[in-house]
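Novice: coords please:
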Amino acid sequence: MLKTKTDNANPKSTEEAVIAFTCEIGDIDVIAKPFPAKQAIPEWFRNIPAIDPEALSATNNGLTVKRCMPFLDALTLGWIMPLAATVRLEISDGGAQIDCGWDFDKVMISPHNVEQVKGHPRLPMPPMKFHNHWTITTPPGWSCLFIPPMNRPNPLFEIASGVVDTDTYRSPIHFPFFATAPEGVHVIEKGTPIAQVIPFRRDACGPALAADVREETLAEEETRERIRRLTMASEGWYRKEAREQR
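Specialist: Next comes the predicted model:
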């Protein structure tokens, strides 16, 4: 994963791949800043116990999602792009009409042309666009995947996913979205997670990774079954034995 360059006195930091988030002069202490996804663990996830005492019994280990490493790793992967400033959405006509407002001095939301997504299952909800005021720059060969914040569903909106070659496209990337809230006036506060950003090397994806579709070998069957049994025989096997340390 790319790291921000935070210590110019550390010679090692100059050797690491860096993802840069830059804003216009004068905005740095005004708009909400991007931050590592691991710093935005939802409150409900922090509060849930690893073992539910009410569910624990001789036939139920009571484990909750707190012990699910794949869930946590998705939750903490990459970076979060937050809403730069507070906005208001007024939704009416069954979701077909959206009026937006804000008190900030930069554009925060603009409409998309409905014809661009003709046939989309979210229609008649009109496609909108959150304006992002950060430019994201990655090293040569690196792109960014932009997705709705994983395991953090927001009942008010959902952005569309996309990939941008941020090593060459060095300009703010805005986030198309559909408002999913019920009718009424809704406030989306400054700092609300809008998108999760996952940098990746392009040469590690796509055609460079060929597919092998076939029946498993006897050795592969043995490995699969052994892992299944180990996972069931002791709690936390995946976390202790199979998962790479983060």
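Novice: all helices for this structure, in order.
Specialist: 43-47, 69-75, 218-233, 237 (DSSP state H).
Novice: can you lay out these as a markdown table showing distance to Leu89 and mean pLDDT?
Specialist: C-beta: built from backbone N, CA, C; applies to glycine. Below are the helices of the chain laid out as a markdown table (distance: least, CB to CB, whole Å; pLDDT from 0 to 100):
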| stretch | distance to Leu89 | mean pLDDT |
| --- | --- | --- |
| helix 43-47 | 23 | 92 |
| helix 69-75 | 26 | 94 |
| helix 218-233 | 44 | 93 |
| helix 237 | 45 | 87 |
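Novice: go ahead and flag the most central residue of this protein.
Specialist: Nearest residue to the geometric centre of the chain (CA atoms, centre = their mean): Gln196, 2.5 Å.
Novice: how close does the closest residue in space to that residue that isn't next to it in sequence sit to Trp102?
Specialist: Spatial nearest neighbour of Gln196, excluding adjacent residues (CB to CB, 6 or more residues apart in numbering): Pro149 at 4.7 Å. According to CB to CB, to the nearest Å, Pro149 stands 21 Å off from Trp102.
Novice: the two: which is more packed in?
Specialist: Set Pro149 next to Trp102 and count neighbours by other CB atoms under 10 Å: Pro149 wins out with 24 against 18.
Novice: how far off centre is the least confident helix or strand in the chain by mean pLDDT?
Specialist: One helix or strand of the chain scores below all others by mean pLDDT, DSSP states H and E: helix 237, with a mean of 87. Between the centre of helix 237 and the centre of its chain there are 27 Å (CA atoms, centre = their mean, to the nearest Å).
Novice: tell me the buried residues in the lengthiest strand in the chain?
Specialist: Scanning the chain for the longest strand, with DSSP state E as the assignment, gives strand 193-201. Within strand 193-201, the residues that qualify as buried are 193-200, counting by 16 or more other CB atoms under 10 Å.
Novice: the domain parsing of this protein - what is it?
Specialist: Using automatic domain parsing, the domains assigned to the chain come out as 11-41+76-203, 211-246.
Novice: please report how far Pro53 lies from Asn113.
Specialist: In terms of CB to CB, Pro53 sits 53 Å off from Asn113.
Novice: what's the answer for Ile28, then?
Specialist: 33 Å.
Novice: repeat that for Ile48.
Specialist: In terms of CB to CB, Ile48 sits 42 Å off from Asn113.
Novice: of these two, who's got more company?
Specialist: Ile48 (13 against 9).
Novice: can you report phi and psi for the more buried one?
Specialist: For Ile48, the backbone dihedrals are phi -70, psi 140 (criterion: degrees, to the nearest 10).
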